[in-house]
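Student: Got a predicted structure plus its sequence, pasted below:
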Amino acid sequence: MKLLVTGAVQWDKDYLNQISNLGNEIIYVQDERISLDEQQINVSEIEGVICNGLFLYNNIEDFINLKYIQLTSAGYDRVPMDYIKDHNIKIYNAKGVYSIPMAEYAVCGVLELYKNTSFFYENKKIKKWGKCRTLLELANKNVLIIGCGNVGIECAKRFKAFDCHVDGVDLYPYKSEVFENIYHLDFLDNELSKSDIIVLTLPLTNETMNLFDKSKFFKMKESAVLVNISRGKVVNQNDLIDILKEKKIYGAVLDVFENEPLGKESQLWNMSNVVLTPHNSFVGENNRNRLQKVIVHNLKNYGKEENM
């Protein structure tokens, strides 16, 4: 098939050769943010795409022969899913590619708050020898992971390694050796009240939009830490700011926001009880290799399905 490959992936030549050898004619564009019309590419001939945000800048309805989409992201919130389903377009995400670095980030962020690393960073700048007597331990804490897919599983493994009790909440509960229990989303409020650390790893959908607002924050312990590595709009950001200002929870670790980049006027920048990063938790040195393997695997499976 005619396969449009974008610069969302830094490709190794070997993997591009593997894709070509599967019977695909590769059309490569470096920057998917530039309209394909401007790049003189006839999108009506494209049958498959490997991309991230291509359809934020190009109308999917112009791709009249499109039958295959491979995303380089884990989330589906940057593509028109209703249209894709209605037109029976096969779509794959980057399942499992970013789970390890994101899980490591979640643990690191909590430890930054618990060990008050910002206090020591500031003292180092001014060469001040000062101790902090209010550091916390991760061991024996109750961790609640909301969204028990690949990222949630990797988070659970790492928190368990620190002797935490780890439960999960998911729309589709299942039995797992990694989690102590996985509860249905209906039981979220009850589990929030028991938890020291709440980690959000769930997708953004109509059901999860603003799932965490003041009503949820008031269910949490005042000693609780919220970690959001899912999508910014899962959390009502204004409500979170109010709760953090009032010290109704211990702190937050935030890698995603309602609007990105986060505006300079946001109060979150100056909050001492917030660890803040620019949607960077997914980054790891092994991502490219994992992603390329996933893409080749999915293309092979797609080819088998087409030939059945």
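Tutor: Nice, thanks for sending it over. Residues are numbered from 1 along each chain as shown.

Student: Tell me, how many residues neighbour the closest residue to Asn52 other than its chain neighbours?
Tutor: Closest residue to Asn52 apart from its sequence neighbours, by Cβ to Cβ, 6 or more residues apart in numbering: Ala8 at 3.9 Å. C-beta coordinates here come from the backbone N, C-alpha and C atoms, glycine included. By other Cβ atoms under 10 Å, the residues close to Ala8 number 20.

Student: which residues touch Ala8?
Tutor: Ala8 sits next to Glu32, Ile50, Cys51, Asn52, Gly53, Thr72 when contact means Cβ atoms under 8 Å, 6 or more residues apart in numbering.

Student: can you tell me how far it sits from Glu305?
Tutor: 24 Å (Cβ to Cβ, to the nearest Å).

Student: buried stuff in stretch 251-262?
Tutor: Buried residues in stretch 251-262, counted by 16 or more other Cβ atoms under 10 Å: Gly251, Ala252, Val253, Leu254, Asp255, Val256, Phe257, Glu258, Leu262.

Student: Oh, that last question was meant for stretch 73-88, not what I typed.
Tutor: Neighbour counts over stretch 73-88 (16+ other Cβ under 10 Å) mark Ser73, Ala74, Tyr76, Val79, Pro80, Ile84 as buried.

Student: how far out from the middle of the chain is it?
Tutor: Centroid separation between stretch 73-88 and its chain, computed with Cα atoms, centre = their mean, to the nearest Å, is 17 Å.

Student: Format the CA atom coordinates belonging to that stretch as PDB.
Tutor: These are the backbone C-alpha positions of stretch 73-88, laid out as PDB (Å, rounded to 0.1, in the frame of the first residue of the first chain):
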ATOM      1  CA  SER A  73       1.400   8.100  20.500                       C
ATOM      2  CA  ALA A  74      -0.400   5.900  23.100                       C
ATOM      3  CA  GLY A  75      -3.500   8.200  23.100                       C
ATOM      4  CA  TYR A  76      -6.300   8.400  20.500                       C
ATOM      5  CA  ASP A  77      -7.300  12.000  21.400                       C
ATOM      6  CA  ARG A  78      -5.500  13.600  18.400                       C
ATOM      7  CA  VAL A  79      -7.400  11.700  15.800                       C
ATOM      8  CA  PRO A  80     -11.100  11.800  14.700                       C
ATOM      9  CA  MET A  81     -12.200   8.500  16.200                       C
ATOM     10  CA  ASP A  82     -15.800   8.700  15.200                       C
ATOM     11  CA  TYR A  83     -14.900   9.200  11.500                       C
ATOM     12  CA  ILE A  84     -12.300   6.400  11.700                       C
ATOM     13  CA  LYS A  85     -14.900   3.900  13.100                       C
ATOM     14  CA  ASP A  86     -17.600   4.900  10.700                       C
ATOM     15  CA  HIS A  87     -15.200   4.300   7.700                       C
ATOM     16  CA  ASN A  88     -13.800   1.000   9.100                       C
END
